[in-house]
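# coords below, sequence missing:
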């Protein structure tokens, strides 16, 4: 298994985008729940639960009162959030900007390696400096981004992801494909780092994203974002917390994890047993809440780069870690345009402590351990 995992990591760089890199020869590995006969676009799961109830706070909480970091509270946004796809191949370590995100999605790309989708809210909190390295889109990331009405920045993508973006000209999302812009000799909205090898050296910034919208998508800048975001309430740490969270996506040899600090009521991130740090600050990433959600995934039959698809429309199981506690939950996303939301066992929408949320979408919650 360790030899296979090492080979897979070496070959994933050849399969992460459609920008001309060589094609990997190692076949994709299905998750424990994958169905090889699944079609590239997976059928949504039927929603059988009763209509959910949600009770927003009278005054939405838009930031962590202790740190000022953003909390994407429903009803506080008036502008599209920014979403950036961020590389998680080892050559991309350490990344830049994840510590400024209001929400981060962590999900599989190919060969067991994950990718990040970072959601930023520059109207709620300044987003400074570089963001990246920027990598390619996948259909399921695009579908999540549509629920946020985001400005979506990426570097190329899978055929399915790019086709969906092309079919949605600045409606649900504003599409910024940095690789396409580079191919047209347009370099105003990104930069290449000389300290890293391509394709792990492409960066953008919130300022460049805003400039793109002003220059090329001003007619689509306005969007109805009143329904975007989550519900928050004042934090209430429990007396006997769940202090450790560990999980893997496909390979146990490639774990991620979190350690809860009751003094700050935050979770500090580990990657392969070491602190996951930001390239600029050097500080370990910390988030106020951690969610693990189970999504059906399967290889795309006939895809020459071993790509997978994930079913992110419908509903499924989730575990919500916040305030040191654990809640069994259900995630729901009724359509591409619908937001992703989480509900407790009584079907009430979950309210998080104010601050950033990390969402890990994996093939099976059996891959999560905690104590």
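Looks like it came in fine. The model shown is predicted, which means the values in this text are computed figures rather than measured ones.

# Low-confidence regions, the stretch 1-150 of the chain specifically.
The model of the stretch 1-150 of the chain has pLDDT under 70 over residues 1-59.

# Verify the contact between residue 70 and residue 125 for me.
Yes. Taking contacts as C-beta atoms under 8 Å, residue 70 lies within contact range of residue 125: 4.2 Å. C-beta coordinates here come from the backbone N, C-alpha and C atoms, glycine included.

# between these two, who's got more neighbours?
In terms of neighbours (other C-beta atoms under 10 Å), residue 70 is the more surrounded of residue 70 and residue 125; the figures are 27 against 20.

# Which parts of the stretch 1-150 of the chain are helices?
Counting by DSSP state H, counting those that start in this stretch, the stretch 1-150 of the chain has helices at residues 2-12, 139-148.

# Which helix or strand lies directly C-terminal to the shortest one?
Meaning helix 139-148. Downstream of helix 139-148, the next assigned helix or strand under DSSP states H and E is strand 151-154.

# Show me what the next helix or strand after that following strand is packed against.
Scanning forward in sequence from strand 151-154 by DSSP H and E, the next helix or strand is helix 159-166. Helix 159-166 sits against helix 139-148, strand 174-177, with contacts defined as 3 or more C-beta pairs under 8 Å, 6 or more residues apart in numbering; DSSP states H and E.

# Just name the most buried of these.
Highest mean neighbour count of those: helix 139-148, a mean of 26 (counted as mean count of other C-beta atoms under 10 Å).

# tell me the angle it makes with helix 159-166.
Between the axis of helix 139-148 and that of helix 159-166 there is an angle of 30 degrees, by axes from the mean of the first three to the mean of the last three C-alpha atoms, to 10 degrees.

# same question for whichever strand or helix holds residue 269, mean pLDDT?
Counting by DSSP H and E, the element that carries residue 269 is strand 266-271. Averaging pLDDT along strand 266-271 yields 98.

# For the closest residue to residue 124 other than its chain neighbours, list the residues it contacts.
Of all residues not flanking residue 124 in the chain, residue 70 sits nearest, at 4.4 Å (C-beta to C-beta, 6 or more residues apart in numbering). Residue 70 sits next to 62, 63, 64, 102, 120, 121, 124, 125, 356 when contact means C-beta atoms under 8 Å, 6 or more residues apart in numbering.

# And residue 244, by the same measure?
Counted by C-beta under 8 Å, 6+ apart, residue 244 has contacts 257, 258, 259, 260, 370, 371.

# now with 10 Å?
257, 258, 259, 260, 267, 270, 369, 370, 371 (C-beta atoms under 10 Å, 6 or more residues apart in numbering).

# Pull out the buried members of the residues you listed.
257, 258, 259, 260, 267, 270, 370 (16 or more other C-beta atoms under 10 Å).

# Apart from its chain neighbours, what residue comes closest to the fifth one?
So the one you mean is residue 267. residue 258 (4.0 Å).

# Are we agreed that that neighbour is in a helix?
No. Going by DSSP: H, G, I helix; E, B strand; the rest coil, the assignment for residue 258 is strand, not a helix.

# Would you mind naming the residues that bridge with it?
Under DSSP bridges, the beta-bridge partners of residue 258 are residue 245, residue 269.

# Could I get the contacting residues of residue 72?
Contact analysis of residue 72 by C-beta under 10 Å, 6+ apart lists 60, 62-63, 81, 101-103, 119-121, 124, 148, 225, 228-230, 232, 352, 355-357.

# can you rerun that using 7 Å?
Applying C-beta atoms under 7 Å, 6 or more residues apart in numbering, we find residue 72 in contact with 102, 103, 119, 121, 229, 230.

# What about those, which are in strands?
Within the contacts of residue 72, residues falling in strands by DSSP state E are 103, 119.

# Need the contacts of residue 72 in CSV (columns: distance to residue 76 and neighbour count).
Shown next, in CSV, are those (distance: C-beta to C-beta, whole Å; neighbours: other C-beta atoms under 10 Å):
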residue, distance to residue 76, neighbour count
102, 10, 28
103, 14, 26
119, 14, 24
121, 8, 28
229, 7, 26
230, 11, 24
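
# Closest one to residue 134 out of the contacts of residue 72, please.
The closest of those to residue 134 turns out to be residue 119 (C-beta to C-beta; 14.3 Å).
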